[in-house]
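> what's the 3D shape of this:
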Amino acid sequence: MSSILKGNKINVSVFGQSHSQSIGAVIDGLPAGIELDFAKIEAFMARRAPGHSRFATPRKEADTPQIISGLVDGKTCGAPVCVKIDNTNTKSRDYDELKLLPRPSHSDYAAYVKYAGNNDIAGGGQFSGRLTAPLCFAGAICLQILQAKGINVKAHIYSVKDVTDDGFESENPLDGELRLDPFFPVISRFKGEQMKTVIDIARSSGDSVGGVIECAVSGLPAGIGEPMFDGIENVIAKNIFAIPAIKGIEFGSGFEGSQKYGSENNDAFSVKDGKIVTLTNNHGGILGGVTSGMPIVFRVAVKPTASISIPQTSVNLKTLKTEELTIHGRHDPCIVPRAVPAVEAVTAITVLDLIL
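Here you go, the predicted structure:
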């Protein structure tokens, strides 16, 4: 049950492990009669796929989605859509010694305890970011449905380590002219080049870096969401944390807003083209857990990749003695660029479920 994103209408169940024969998803609750643009789906999934640049793991996977059920003549038919994606480039032997020597800041030890030593260690098993591939397939479908309704979801790399991009507050998320590089999406190209340098330095030294992703949803009307436990922040946050390596989330002005006076952080109401709007958007498009009609804006913190090649200290789970651990295998020096489409995908699934 833990691998199911449960909504009011849409449920997404993810299956498989990093090195299993296949991974996939079952998407239930999609409206019938939706014609899918498979070229757009594949282009979206390519953004998350490994092996496209020096900033990602060299593991190459085609990530070609194979539809098992749920479509008739390329359209949804009301039945659950089932997709599988084959794993074709695995090197499980790289993980043999990790069965009893858990990697620092990884799920290895916690999974070993939870599953009494029967956990799948290869590639991180079901804890791997590899499972975001079928999640991105589900999200790509939802994005198409949302776009037809005039709702857009966009995310970009807000920061890598201590290099920060321009924020969406300096761009209008409603502006369809905003073009982002699909594989390294930043608003400021200059800041993007600085980020790439930081990642290169970490990669060359066998280390890794983390960062922050900013996401915006435009086109939602006011009045969607519930107070308290089913507020917009609640449901987005719950689902976003399904993405491995996410360690924090903030909406609107977030933690920075906590350092301001109320007079600085409050968003004054006004009227534009006969519609009630706010002059600023420190509330991130959400008031009391309900949409205000302004763009939803939030940021998520992504930790540095746990698997690094620098020698580290661990504990042998059999002997209970400390040992030096050197991690082999293929890993991202920075997860942030490939996590951007995953954030967009989960957000799209969540928003579509809210409005159906």
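
> biggest helix in the chain by residues?
The helix of greatest length in the chain, counted in residues with DSSP state H as the criterion, is given as helix 336-355.

> That one - contacts with which helices or strands?
In this structure, helix 336-355 makes packing contacts with helix 38-48, helix 132-148, strand 152-160, strand 211-218, helix 232-240, strand 296-302, judged by 3 or more CB pairs under 8 Å, 6 or more residues apart in numbering; DSSP states H and E. In short, each C-beta sits where N, CA and C put it, glycine included.

> Dump the ones you listed to a markdown table, plus distance to Asp273.
Putting these into a markdown table (distance: least, CB to CB, whole Å) gives the following:
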| stretch | distance to Asp273 |
| --- | --- |
| helix 38-48 | 31 |
| helix 132-148 | 22 |
| strand 152-160 | 19 |
| strand 211-218 | 15 |
| helix 232-240 | 24 |
| strand 296-302 | 20 |
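
> Export the ones you listed as a markdown table, with columns for distance to Leu98, mean pLDDT and mean neighbour count.
Rendered in a markdown table, the data for the helices and strands packed on helix 336-355 read as follows (distance: least, CB to CB, whole Å; pLDDT from 0 to 100; neighbours: other CB atoms under 10 Å):
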| stretch | distance to Leu98 | mean pLDDT | mean neighbour count |
| --- | --- | --- | --- |
| helix 38-48 | 24 | 94 | 17 |
| helix 132-148 | 21 | 96 | 24 |
| strand 152-160 | 27 | 96 | 24 |
| strand 211-218 | 26 | 97 | 24 |
| helix 232-240 | 27 | 97 | 20 |
| strand 296-302 | 22 | 97 | 25 |
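
> I figured Ile4 hits Ile10, correct?
No - with contacts counted by CB atoms under 8 Å, Ile4 stays clear of Ile10, the gap being 10.9 Å.

> Please say which of those two ends up with more neighbours.
Regarding Ile4 and Ile10, a neighbour count based on other CB atoms under 10 Å identifies Ile10 as having more, with 21 against 14.

> and the gap between the more buried one and Lys321?
Look at Ile10 and Lys321: by CB to CB, to the nearest Å, they are 49 Å apart.

> ditto for Ile68
Ile68 sits 47 Å away from Lys321, taking CB to CB as the criterion.

> which of those two has more neighbours?
More neighbours surround Ile68 than the other of Ile68 and Lys321, with 13 against 7 (other CB under 10 Å).

> Can you list the strands that the helix or strand that one falls within pairs with?
Remark: Ile68 resides in strand 66-69, with elements defined by DSSP states H and E. Strands flanking strand 66-69 in the sheet, each with its direction: strand 81-86 (antiparallel) (DSSP bridges).

> Endpoints of stretch 209-229, how far apart?
As for stretch 209-229, its first-to-last residue distance stands at 34 Å under the measure CA to CA, to the nearest Å.

> now stretch 179-188
Across its full length, stretch 179-188 reaches 11 Å end to end, with CA to CA as the criterion.

> residues of it that come out buried?
Of the residues in stretch 179-188, those buried by neighbour count under the rule 16 or more other CB atoms under 10 Å are Leu180, Phe183, Phe184, Pro185, Val186, Ile187, Ser188.

> Could you do stretch 97-110 as well?
When neighbours are counted by 16+ other CB under 10 Å, the buried residues of stretch 97-110 are found to be Leu98, Lys99, Leu100, Leu101, Pro102, Arg103, His106, Ser107, Asp108, Tyr109.

> The fifth one contacts Tyr109, doesn't it?
This means Pro102. Yes - using CB under 8 Å as the test, Pro102 is close enough to Tyr109 to be in contact (3.9 Å).

> residue contacts, Val113?
Applying CB atoms under 8 Å, 6 or more residues apart in numbering, we find Val113 in contact with no residue.

> what are the phi and psi values for it?
Dihedral pair for Val113: phi -70, psi -50, per degrees, to the nearest 10.

> Next: Gln126.
Per degrees, to the nearest 10, the backbone of Gln126 is at phi -80, psi 0.

> Val198 now?
For Val198, the backbone dihedrals are phi -60, psi -40 (criterion: degrees, to the nearest 10).
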